[in-house]
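**Student:** no FASTA, just this:
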């Protein structure tokens, strides 16, 4: 049976005190750059590039797509990658020299319409496909995140489903040949999925993901977040543990992502509280994955996680979207939170049209402030990618 990580939740409207920082910014923005392509894009994520630009990626009309913009917001190219049936890109990394690796999920072949396989594609700096490989076996497989090692190896994570979902890590050389492939069958009693992967300062691969606390249907709805480290040569787990700091009816909503900071890691995700209000959870751990603090951020009232970036001095930026509790469910402003090393919110900024659902997926620091990339979904279901700039305090630059 194909795994569906879908959580159906009925929102309970309740009064809630908004946990904001010292400053809140909300403005209209005439200077936002919008990129109108097919309108059917599902933007999975963006990454900041070495030249100051961004790479957007996801799926468009059942095909994987990628779009590159320059540091000044000029669209350089938009690429649809053809697949036998369907494809979606969920992770990407820039290679030395300016090429890109994208990973995701495709159909194993045109004869197996219900069988998923992991896909890895290399694009040139100008968006041309240099190689496109499918990694499949007897079971459904999917890749969610990717990074590049100092030895120029490609390491990706996701899941494989022999009977339940197990975290899968795939290590490749630069031509896409498999160095090792490992699925971890004992991470949880039922389902677990790798959703973020980085190379640590000690050379291990840190993987963050979601896991079932038990083998019941209720447990599968109340997914934990886990963090573990894997030896790069043996693929053995060096350390790892699940995290569940608020033992109420929390539900994972977005896939968690991790960054390394001084003497540890920070990961973030969105889950529901006991009142069915969506909030962002941020956890700081030591170098062995033991939690040091656990924070929650509600934004304007309800907040959905989009991304996390370290910006120096152990400060981080958390991206996503947020809305007031009284607002319609499928609306919201793009949200940027600046957080210090202690998990304290320095400022929060919200921008967008109230009738749309606008989400910030990635942020890059500049000498004068920040550049933010994301997407806007209107009431008719038309999706448009966007880019906007703010000053160092999150105020929109017109």
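**Tutor:** Yep, it's here. Note that this is a predicted model, so its numbers are computed, not measured.
**Student:** pLDDT below threshold where in the stretch 101-250 of the chain?
**Tutor:** Along the stretch 101-250 of the chain, the parts satisfying pLDDT under 70 run over 108-114, 214-222, 244-250.
**Student:** would you list every one of the helices in it?
**Tutor:** For the stretch 101-250 of the chain, the helices defined by DSSP state H, counting those that start in this stretch occupy 217-221.
**Student:** Could I get the full set of strands for the stretch 51-200 of the chain?
**Tutor:** Counting by DSSP state E, counting those that start in this stretch, the stretch 51-200 of the chain has strands at residues 54-60, 63-69, 75-81, 87-94, 100-107, 116-123, 129-135, 140-148, 154-161, 166-172, 178-184, 192-199.
**Student:** wait, which of those is closest to residue 328?
**Tutor:** Each of the strands of the stretch 51-200 of the chain has some distance to residue 328 by CB to CB; the shortest is strand 54-60, at 23.6 Å. All C-beta atoms are positioned from the backbone trio N, CA, C, and that covers glycine.
**Student:** Let me see the mean pLDDT of that closest one.
**Tutor:** The pLDDT scores in strand 54-60 average 96.
**Student:** still on that earlier bit, switch the strands of the stretch 51-200 of the chain over to JSON lines; also include mean neighbour count and distance to residue 274.
**Tutor:** JSON lines is the format used below for those (neighbours: other CB atoms under 10 Å; distance: least, CB to CB, whole Å):
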{"stretch": "strand 54-60", "mean neighbour count": "26", "distance to residue 274": "32"}
{"stretch": "strand 63-69", "mean neighbour count": "23", "distance to residue 274": "38"}
{"stretch": "strand 75-81", "mean neighbour count": "17", "distance to residue 274": "43"}
{"stretch": "strand 87-94", "mean neighbour count": "23", "distance to residue 274": "30"}
{"stretch": "strand 100-107", "mean neighbour count": "26", "distance to residue 274": "33"}
{"stretch": "strand 116-123", "mean neighbour count": "24", "distance to residue 274": "34"}
{"stretch": "strand 129-135", "mean neighbour count": "16", "distance to residue 274": "40"}
{"stretch": "strand 140-148", "mean neighbour count": "23", "distance to residue 274": "28"}
{"stretch": "strand 154-161", "mean neighbour count": "25", "distance to residue 274": "29"}
{"stretch": "strand 166-172", "mean neighbour count": "23", "distance to residue 274": "28"}
{"stretch": "strand 178-184", "mean neighbour count": "17", "distance to residue 274": "31"}
{"stretch": "strand 192-199", "mean neighbour count": "25", "distance to residue 274": "24"}
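**Student:** now residue 156, nearest residue through space, not along the chain?
**Tutor:** Once its chain neighbours are removed from consideration, residue 156 has its nearest residue in residue 146; the separation is 4.2 Å (CB to CB, 6 or more residues apart in numbering).
**Student:** ok, now which ones touch that neighbour?
**Tutor:** Under the criterion of CB atoms under 8 Å, 6 or more residues apart in numbering, the contact partners of residue 146 comprise 91-93, 101-103, 120, 154-157, 197.
**Student:** same deal with residue 126?
**Tutor:** By CB under 8 Å, 6+ apart, the contact set of residue 126 is 76-77.
**Student:** Equivalent analysis for the one 5 residues further on, please.
**Tutor:** Counting by CB under 8 Å, 6+ apart, residue 131 touches 121-122, 175-176.
**Student:** what do you get if the cut-off is 10 Å, keeping everything else the same?
**Tutor:** Applying CB atoms under 10 Å, 6 or more residues apart in numbering, we find residue 131 in contact with 101, 120-123, 174-176.
**Student:** Same question for residue 290.
**Tutor:** For residue 290, the contacting residues are 227, 239, 241, 243, 264, by CB under 10 Å, 6+ apart.
**Student:** go on, residue 57?
**Tutor:** Applying CB under 10 Å, 6+ apart, we find residue 57 in contact with 41, 43-47, 64-68, 79, 81, 88-92, 100, 102-104, 121, 123.
**Student:** Report the beta-bridge partner residues of it.
**Tutor:** Here residue 57 sits in beta bridges with residue 45, residue 66, as judged by DSSP bridges.
**Student:** Now render the contacts of residue 146 as TSV, adding distance to residue 296.
**Tutor:** Compiled in TSV, the contacts of residue 146 are given as follows (distance: CB to CB, whole Å):
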residue	distance to residue 296
91	26
92	29
93	30
101	34
102	32
103	30
120	35
154	35
155	31
156	30
157	26
197	25
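**Student:** hmm, back to that, ok, the contacts of residue 290 vs residue 332, which is closest?
**Tutor:** The shortest gap between residue 332 and any of the contacts of residue 290 belongs to residue 243, at 26.0 Å (CB to CB).
**Student:** And the closest residue to that closest one other than its chain neighbours, how close does it get to residue 296?
**Tutor:** Leaving aside its chain neighbours, residue 243 sits nearest to residue 225 (5.1 Å; criterion: CB to CB, 6+ apart). For residue 225, the distance to residue 296 equals 13 Å [CB to CB, to the nearest Å].
**Student:** Equivalent analysis for residue 171, please.
**Tutor:** As defined by CB to CB, residue 171 lies at a distance of 35 Å from residue 296.
**Student:** Burial check on residue 201, number of neighbours?
**Tutor:** Using other CB atoms under 10 Å as the criterion, residue 201 is surrounded by 11 other residues.
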